[in-house]
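Trainee: make a model of this:
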Amino acid sequence: MAKDVKSKDPKKELEAEAIDRLRDARRWKELWVIDFRECYFFSAPHRQRQVSSQTKPPVQRLLDAPELQTSCGYEWTGDFVTEVVNTYMPEAQNWCERGPGMFISPDMFKQVQDQVRKQDKQIFEAMKASNLYPEIAKAFNPDLAIGTVGLWIDMRRPHLPIEVMACPLRELEVNIGPGGLIDDRFVIRYTKYRYLKSLLPKDVSLPKKIEDQIRDVPNNSTDIKWGFWRLWEEDEETWQHTIQVEDDLVHDARMVGEGSCPLIVGRWNATSDWPWGYGPLIQTLPDLRQIDELEGRKIDVIDRNLDPPLGYPDDSFTHVEQGVENGMAYPIRVGSQDAIKPLYSQVNVESAMLEHQEMEHRGKRLFYIDYPEQRGDTPPTLGQWLDELARAQRRIGTPGLPFWREVPAQIFLRFKYLLERMGTIQPIVVDGRAISLRPYNPAQRAAEQQEIATATQFAQIMAQMFPEEWKAVVDGRETMTAFMEKMRVTGLIKLRDPQAVNNFVQQIAPLVVGRERPGAPTLAGGGAVPQGGAGAAGVPPR
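Mentor: Here you go, the predicted structure:
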């Protein structure tokens with residue numbers, strides 16, 4: 001006799017899947033907890049160091065902060081965050097742009113280029129109107145130096161600017177996906193029952209047991225888990241979204257489109273083995289341990305050098321085990337005065353200071369803040385200074401490539417998505433194909449600057465060797481336009497209309513040709529008198 005097969009509950013399956021994915025993410029994090037806590041100790045000792053999301057962070061003062069004996073972690077982390085923000089996301093510049101992707105030809109892109117540039121400007125105006133840059137400073141220090149940062153970008157109210165919220169490491173749980181990028185991502189937050197509904201969508205229906213807790217024990221705490229993971233079987237970018245309260249699934253949705261996921265997670269110096277970045281703060285932990293220990297020993301040595309211990313005979317001198325006081329007189333038996341002497345020979349701390357400087361220099365290199373320095377009495381030449389600065393910029397460009405792809409580019413896409421959803425900007429389509437993102441980063445900009453320098457050098461050489469042929473072959477207007485686009489100054493330099501340029505050239509050509517003729521009469525203002533013949537047509541004499 002056949003048995004009835006009960007249909008599975010899709011909601012229960014989704015709830016179980018979310019729990020499994022979160023459990024896997026927490027396993028990854030447990031392997032890094034010790035390093036995360038030590039990084040916080042050296043760079044932000046007063047920050048909450050309960051970085052596991054499985055328990056509510058305790059409300060207590062951390063008592064080990066006074067044990068820290070160096071401020072290098074503070075300084076290096078702050079400078080690193082400033083360097084990264086100014087390099088990849090400077091507030092005063094439009095640090096990202098859209099361009100033709102692999103399926104769109106340059107001719108097709110030119111049809112909508114002006115519209116794209118206008119929308120890009122609107123996107124950056126929306127960023128400046130939001131709290132993006134203050135939250136970036138909060139999220140990056142020190143989490144970006146540790147290696148992984150989280151940002152939540154969403155619009156809670158249609159009439160207010162887009163809101164950005166930093167997600168600290170203690171609330172973040174991530175898994176690595178099939179393409180090597182961050183896939184599963186969760187934010188776990190502990191809150192009181194009285195605030196629970198304000199953190200959830202308005203259409204969420206809570207279970208009766210949670211409604212009872214809100215009514216009976218509003219001051220008790222509970223946890224909310226927001227989860228997102230990519231649905232790779234879909235052709236268009238699609239994210240599965242879940243919200244759980246105490247493991248009960250209370251909301252789920254699918255988010256479709258580039259930039260639809262509000263939770264942005266990125267890594268500095270990403271690896272293919274871990275979902276967590278391997279940032280400079282983790283890399284400098286050995287040096288920070290030695291610097292901290294060395295600073296403590298230096299203080300001990302200086303203290304002993306300034307106030308060394310004494311030895312004295314116990315039958316001739318007052319018992320002064322606690323030391324002697326300045327300006328006081330003490331009785332000494334005659335013949336025993338020479339027995340009172342220091343028990344400690346002063347130690348030179350120069351070797352410790354040199355070792356400290358070497359470790360500090362090495363740490364600054366790992367944090368990419370080893371700016372060009374003058375070594376010795378002779379200052380470096382301009383060429384040497386620029387070479388060192390260019391080398392430092394190239395070093396920060398390599399580990400920053402994954403970071404650019406996972407954070408700044410995704411921030412741009414997220415703001416674009418929200419503005420399109422509000423109707424502020426419209427999706428741009430060329431022959432049924434959407435314009436793709438072409439990210440700009442320092443490595444690309446440095447390569448473009450080198451290309452500009454090479455082209456300029458080539459133009460100077462050719463113009464000197466073949467002046468007539470160069471003028472005849474090269475299209476000046478198109479060359480100037482190409483340089484302007486490459487140097488991104490198209491919005492600053494305005495070109496005349498081609499017809500106006502032709503009229504202007506026709507007017508001055510006879511004057512220029514006449515001036516080049518030997519013995520040609522000139523006008524009062526210095527211009528040549530127009531002449532007839534071949535020169536009047538603008539053809540220079542050979």
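Trainee: got the domain ranges for the protein?
Mentor: Taking automatic domain parsing as the criterion, the chain consists of the domains 10-284+403-416, 285-312+337-359, 444-495, 500-542.
Trainee: would you map the strands across the stretch 51-200 of the chain?
Mentor: 97-98, 148-154, 163-167, 172-176, 182-192 (DSSP state E, counting those that start in this stretch).
Trainee: related to what we said a few turns ago, comparing the domains of the chain, which yields the minimum mean pLDDT?
Mentor: Of all the domains of the chain, the minimum mean pLDDT falls on domain 500-542 (a mean of 54).
Trainee: thinking again about what came up before, for the domains of the chain, which one ends up most surrounded?
Mentor: Of these, the one with the most neighbours on average (mean count of other C-beta atoms under 10 Å) is domain 10-284+403-416, at a mean of 17. From N, CA and C alone the C-beta is placed, and that goes for glycine too.
Trainee: gap between that one and the chain center?
Mentor: Distance of domain 10-284+403-416 from the chain centroid (C-alpha atoms, centre = their mean, to the nearest Å) equals 13 Å.
Trainee: before we move on, what about stretch 288-305?
Mentor: 34 Å.
Trainee: run through who's touching that stretch.
Mentor: The set of residues external to stretch 288-305 that reach it, using C-beta atoms under 8 Å, 6 or more residues apart in numbering, is 42, 68-70, 72-73, 344, 346-347, 349, 352-353, 355-356, 359-360, 363.
Trainee: what do you get for stretch 177-187?
Mentor: Residues outside stretch 177-187 that contact it (C-beta under 8 Å, 6+ apart) are 21-22, 24-25, 53, 150, 152, 167, 171-176, 225-230, 232, 261, 263, 265-267, 270, 272, 275, 406.
Trainee: got the end-to-end distance for that stretch?
Mentor: 17 Å (C-alpha to C-alpha, to the nearest Å).
Trainee: follow-up on the earlier one: so which of the strands of the stretch 51-200 of the chain comes closest to Leu14?
Mentor: strand 182-192 (13.6 Å; C-beta to C-beta).
Trainee: quick check: angle from the following helix or strand past the closest one to strand 182-192?
Mentor: Per DSSP states H and E, the first helix or strand lying C-terminal to strand 182-192 is helix 208-216. Computed by axes from the mean of the first three to the mean of the last three C-alpha atoms, to 10 degrees, the angle separating helix 208-216 from strand 182-192 equals 40 degrees.
Trainee: let me have the strands of the stretch 51-200 of the chain in a markdown table, extended by distance to Val217.
Mentor: Below are those laid out as a markdown table (distance: least, C-beta to C-beta, whole Å):
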| stretch | distance to Val217 |
| --- | --- |
| strand 97-98 | 51 |
| strand 148-154 | 28 |
| strand 163-167 | 27 |
| strand 172-176 | 27 |
| strand 182-192 | 9 |
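Trainee: out of these, which comes closest to Ser198?
Mentor: For Ser198, the closest of these is strand 182-192, at 8.9 Å, according to C-beta to C-beta.
Trainee: let's have the domains of the chain in a markdown table, adding distance to Val429.
Mentor: A markdown table is the format used below for the domains of the chain (distance: least, C-beta to C-beta, whole Å):
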| stretch | distance to Val429 |
| --- | --- |
| domain 10-284+403-416 | 8 |
| domain 285-312+337-359 | 50 |
| domain 444-495 | 23 |
| domain 500-542 | 34 |
